[in-house]
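Colleague: dropping the sequence and predicted coords here.
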Amino acid sequence: MKKKAVSALARAAVLLSVLSIGGVRAQSAVTLNFYSGGDVNVQDLWANNLIPMYKKVAPNVTINLVWSEHGAADQATFDRLAAAKKAGKVSGVDLWESGMVQQAGEAGMMAKIAASDVSNLSKVPPTIIQQVGSYGLPYRGSSVVLAYNSKEVSSPPRSLPELFDWIKKNPGKFTYNTPDTGGSGHAFVERVLMSGLPQDQIKTFQTEYKPEMVSAFDKGLATLKELDASMYQNGFHPKGNVGTLQLLAKGNIRMGTVWSDMALSYLAQNLLPPEIKLVQLEPPFSGGAAFLGVAADSPNKAQAMAFLNWLLTPEVQAVVINKMNGYPGVDWKYVPTETRTKFADIAKSYSIGFQERFGADINKLWYEKIAGTPMPASK
């Protein structure tokens, strides 16, 4: 009888043992309700790649993807979390991919993510985590880079001063989109403004905002004005990120700032000629990450954190980069060598832009000082 009891305990111990694969732990069956949104390529990444991959390493975990095209239901998800918190109930949301995770976290609706919960968090540049107050984990990203026609430009600029020099020596062959209509144009303007600030003040502009601080942009604005005479058609700036890509595709310009993922997707679809290459400057243009958070009221926090940890493993990050033509959530040095080599010209970290409330000021100043026209009314 005693021998049978011992045998039963041994079998139970085996059944309860923890299997670790990339930080994934086999436990009792659980369903994680994952609210996400974006373009169809993001939906495809989750539904046809990452979620099936995770099922293989954590068969006990079912991820229920609740999709919102272009994030149209983000506010509804935020309201759901808020209503549940107010009522002292469980929202039913376990994971949420959204640009609102910090806002929700500051309202007490998202859990802080720490290295004690997600060990691979140590592979993520700290400044990116700090962007959202540690309420979200970046599993992918994108950056603004310099696109150039390699048939016309044999040695592209590698720094901002070199780019300034190239623009002046090649009038009419460079431009960027208006900063209020696309992030690639805004990133160029922001980087020029940043170059006019004392180095010891840049971090302040990235984390703080006071209206009077914009007076420090005068030097950068003067540089932008000087450069404008050498832009395409003496100062023509297309509307939107696509506008710059189209000018490159038609050969109207030889160089311009573009989003890395958009340009790589255009190249893959032959919407850009193969001679268009991408390069990142040093210091780099700004970029951004897609953040995934864990609901504070989730009864499945341990399983949700295990999933986040798995997302940051090298093999998974390689899939994310190749499928999205984007940046990893982790530092590039933690990406498999083969993938890093494939994206060698842009495989660098991106910079952090100014505190977001400067955006409206920058757009207004650009129209007044550079375009010489009032800023168009928002639609």
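Modeller: Yes, it's here.

Colleague: low-confidence ranges in the stretch 151-300 of the chain?
Modeller: Within the stretch 151-300 of the chain, not a single segment meets pLDDT under 70.

Colleague: all helices of it, in order?
Modeller: 160-169, 183-195, 202-207, 218-228, 240-250, 260-268 (DSSP state H, counting those that start in this stretch).

Colleague: now, of those, which is deepest in the fold?
Modeller: The highest mean neighbour count among these, using mean count of other Cβ atoms under 10 Å, belongs to helix 183-195: a mean of 24. Placement of C-beta: from N, CA and C, glycine included.

Colleague: okay, the helices of the stretch 151-300 of the chain in a markdown table with distance to Ser142 next?
Modeller: Shown next, in a markdown table, are those (distance: least, Cβ to Cβ, whole Å):
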| stretch | distance to Ser142 |
| --- | --- |
| helix 160-169 | 20 |
| helix 183-195 | 9 |
| helix 202-207 | 18 |
| helix 218-228 | 24 |
| helix 240-250 | 11 |
| helix 260-268 | 4 |
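
Colleague: looking at those, which is closest to Gly329?
Modeller: Nearest to Gly329 among the helices of the stretch 151-300 of the chain is helix 260-268 (13.7 Å), distances taken as Cβ to Cβ.

Colleague: tell me which other helices or strands the closest one touches.
Modeller: strand 137-149, helix 240-250, strand 276-279 (3 or more Cβ pairs under 8 Å, 6 or more residues apart in numbering; DSSP states H and E).

Colleague: what's the closest of these to Gln317?
Modeller: Distance to Gln317, taken as Cβ to Cβ, is lowest for strand 137-149 among the helices and strands packed on helix 260-268, at 7.9 Å.

Colleague: show the average pLDDT along the closest one.
Modeller: Regarding strand 137-149, the rounded mean pLDDT is 96.

Colleague: so what are the sheet partners of that strand and their directions?
Modeller: Neighbouring strands of strand 137-149 in its sheet, by DSSP bridges, are strand 255-259 (antiparallel), strand 276-279 (antiparallel), strand 287-294 (antiparallel), strand 327-328 (antiparallel).

Colleague: check which element follows the last one along the chain.
Modeller: Using DSSP states H and E, the helix or strand that follows strand 327-328 towards the C-terminus is helix 337-342.

Colleague: buried ones in that next one?
Modeller: By 16 or more other Cβ atoms under 10 Å, the buried positions in helix 337-342 come out as Thr339, Arg340.

Colleague: what helices and strands are in contact with it?
Modeller: helix 314-324.

Colleague: what helices or strands is the helix it packs on leaning on?
Modeller: helix 40-45, strand 137-149, helix 301-311, strand 327-328, helix 337-342.

Colleague: show residues contacting the first one.
Modeller: Surrounding helix 40-45, the residues in contact under the criterion Cβ atoms under 8 Å, 6 or more residues apart in numbering are Ser36, Leu65, Trp67, Glu69, Ser265, Ala290, Val320, Lys323, Met324.

Colleague: which SSE is immediately downstream of that helix?
Modeller: Using DSSP H and E, the helix or strand that follows helix 40-45 in sequence is helix 51-57.

Colleague: next SSE after that following helix?
Modeller: Where DSSP H and E defines the elements, the next helix or strand beyond helix 51-57 is strand 61-69.

Colleague: can you list the buried residues in that following strand?
Modeller: For strand 61-69, a neighbour-count test (16+ other Cβ under 10 Å) marks Val61, Ile63, Leu65, Trp67, Ser68 as buried.

Colleague: any idea of the mean pLDDT in the helix or strand following it?
Modeller: Scanning forward in sequence from strand 61-69 by DSSP H and E, the next helix or strand is helix 74-87. Mean pLDDT, helix 74-87: 97.

Colleague: show me what helix 74-87 is packed against.
Modeller: Using 3+ Cβ pairs under 8 Å, 6+ apart: helix 74-87 touches helix 101-106.

Colleague: for the helix it packs on, which outside residues touch it?
Modeller: 78, 81, 96, 98, 110-112, 131-136, 291-293, 296.

Colleague: check these for burial and list the buried ones.
Modeller: Applying 16+ other Cβ under 10 Å to the contacts of helix 101-106, the neighbour count classes 78, 81, 96, 98, 110-111, 131-132, 134-136, 291-293, 296 as buried.
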